[in-house]
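# Here is my input, please return the structure:
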Amino acid sequence: MIMNQVYLFFIFIANGVLIGILFDFFRILRKSFKTSDIVTYIEDFLFWILTGFSILYFMFVFNNGEIRLFMFLGIAVGITLYMLIFSSFLIKINVTIITFLKKVISKIIGIILIPFKFIKRLFFKPISFIFINIRKSSTNLYNNFMKITKKNKKIENNVKN
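Got it, this is the predicted structure:
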């Protein structure tokens, strides 16, 4: 009986470590990628759902669904041990790896996009040049038209007076 409870205690310590790893997974995501508030709320909700399922799964598989205080104590000990011993080390390593991978992927995408930048310069620069010149010409025509109409109004006013 006592050996069974000690065994369950260690099982729930392992469950606490798994919950700590899951918690750090979401912390790593938040440190590596900018997320909006809505995404953060969704991540939090997902964390608590997964944590609840994990605890319930361990309870039903290892203790036939019986709830004991020492199980929650084991979970707390597991989370605490994980956070004190492994958490900061694993977060630093994973954030560094993800940052490196983001840079590598960014460089690869930049290399892949080089031909498209060349095509853009080759085809779209002349078209934009034409549109810019049309706009300048139309602006000049409008300004000249306005000058002429102002001069005509002045002449008409002088003639009337």
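
# worst-scoring helix or strand of this structure, pLDDT-wise?
helix 88-160 (a mean of 81; mean pLDDT, DSSP states H and E).

# Just name whatever secondary elements that one is in contact with.
Under the contact definition 3 or more CB pairs under 8 Å, 6 or more residues apart in numbering; DSSP states H and E, helix 88-160 sits against helix 2-32. Every C-beta, even on glycine, is put in place using the N, C-alpha and C of the backbone.

# and the helix or strand just after the helix it packs on with helix 2-32, angle?
Going down the chain from helix 2-32, the next helix or strand is helix 37-63, by DSSP states H and E. Counting by axes from the mean of the first three to the mean of the last three CA atoms, to 10 degrees, helix 37-63 lies at 170 degrees to helix 2-32.

# buried ones in helix 37-63?
Neighbour-count burial for helix 37-63 flags 43, 47, 50, 51, 54, 55, 58, 59, 62, 63 (criterion: 16 or more other CB atoms under 10 Å).

# Dump those to JSON lines, plus pLDDT and distance to residue 106.
Output for the buried residues of helix 37-63, formatted as JSON lines (pLDDT from 0 to 100; distance: CB to CB, whole Å):
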{"residue": "43", "pLDDT": "93", "distance to residue 106": "24"}
{"residue": "47", "pLDDT": "95", "distance to residue 106": "28"}
{"residue": "50", "pLDDT": "95", "distance to residue 106": "30"}
{"residue": "51", "pLDDT": "96", "distance to residue 106": "34"}
{"residue": "54", "pLDDT": "95", "distance to residue 106": "35"}
{"residue": "55", "pLDDT": "94", "distance to residue 106": "39"}
{"residue": "58", "pLDDT": "93", "distance to residue 106": "41"}
{"residue": "59", "pLDDT": "93", "distance to residue 106": "45"}
{"residue": "62", "pLDDT": "90", "distance to residue 106": "45"}
{"residue": "63", "pLDDT": "88", "distance to residue 106": "48"}
